[in-house]
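Q: Provided below are the primary sequence and the corresponding predicted coordinates.
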Amino acid sequence: MPRGDGTGPAGGGDRGGGKGKGNAGKAQGGRAQTVKSCVCPNCGKKVAHQPGQPCNQIQCPDCKVALAPER
């Protein structure tokens, strides 16, 4: 709205009509990426990732610390 009279371009503004929003943020959140193994941040031991179970819910067999996804 360059003149402030409400005749600006359609789809602009804060109401979400702009291009390029969609699901772009979801792919970068980690869920869409495939994790092959989980790694212990303490000792570095790798454990095969089980689909459907987040790495941070698995404990290292040696350290008993929550694992992290290998990136």
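A: Thanks, I have the structure now. The structure presented is a predicted model; accordingly, all values stated were derived computationally and were not measured.
Q: from here on, just use CA atoms for contacts and neighbour counts.
A: Fine.
Q: check the gap between Pro51 and Thr34 for me.
A: From Pro51 across to Thr34, the span is 9 Å (Cα to Cα, to the nearest Å).
Q: low-scoring stretches of the chain, by residue?
A: The model of the chain has pLDDT under 70 over residues 1-4, 8-33.
Q: let me see the ranges of the strands in it.
A: For the chain, the strands defined by DSSP state E cover 37-39, 46-48, 68-69.
Q: single out the most deeply packed of these.
A: strand 37-39 (a mean of 22; mean count of other Cα atoms under 10 Å).
Q: that strand: partners in the sheet, and parallel or antiparallel?
A: strand 46-48 (antiparallel), strand 68-69 (antiparallel) (DSSP bridges).
Q: sorry, back to before: can you add distance to Gln59 and give the strands of the chain back as a markdown table?
A: Conversion of these to a markdown table gives the following (distance: least, Cα to Cα, whole Å):
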| stretch | distance to Gln59 |
| --- | --- |
| strand 37-39 | 10 |
| strand 46-48 | 10 |
| strand 68-69 | 10 |
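Q: out of the ones you listed, which gets nearest to Gly6?
A: Among the strands of the chain, the nearest to Gly6 by Cα to Cα is strand 68-69 (49.2 Å).
Q: give me the contacts around the closest one.
A: Strand 68-69 is contacted by residues 35, 37-41, 55-56 when judged by Cα atoms under 8 Å, 6 or more residues apart in numbering.
Q: contact partners for Arg71?
A: With the criterion set at Cα under 8 Å, 6+ apart, Arg71 makes contact with Val35.
Q: rerun at 10 Å
A: 33-39 (Cα atoms under 10 Å, 6 or more residues apart in numbering).
Q: what segments of this protein are helices?
A: 24-27 (DSSP state H).
Q: re the thing from before, what's the closest of the strands of the chain to Pro61?
A: Using Cα to Cα, the nearest of the strands of the chain to Pro61 is strand 46-48, at 9.0 Å.
Q: outside of that closest one itself, list whatever touches it.
A: 35-40, 55, 58-61, 67-70.
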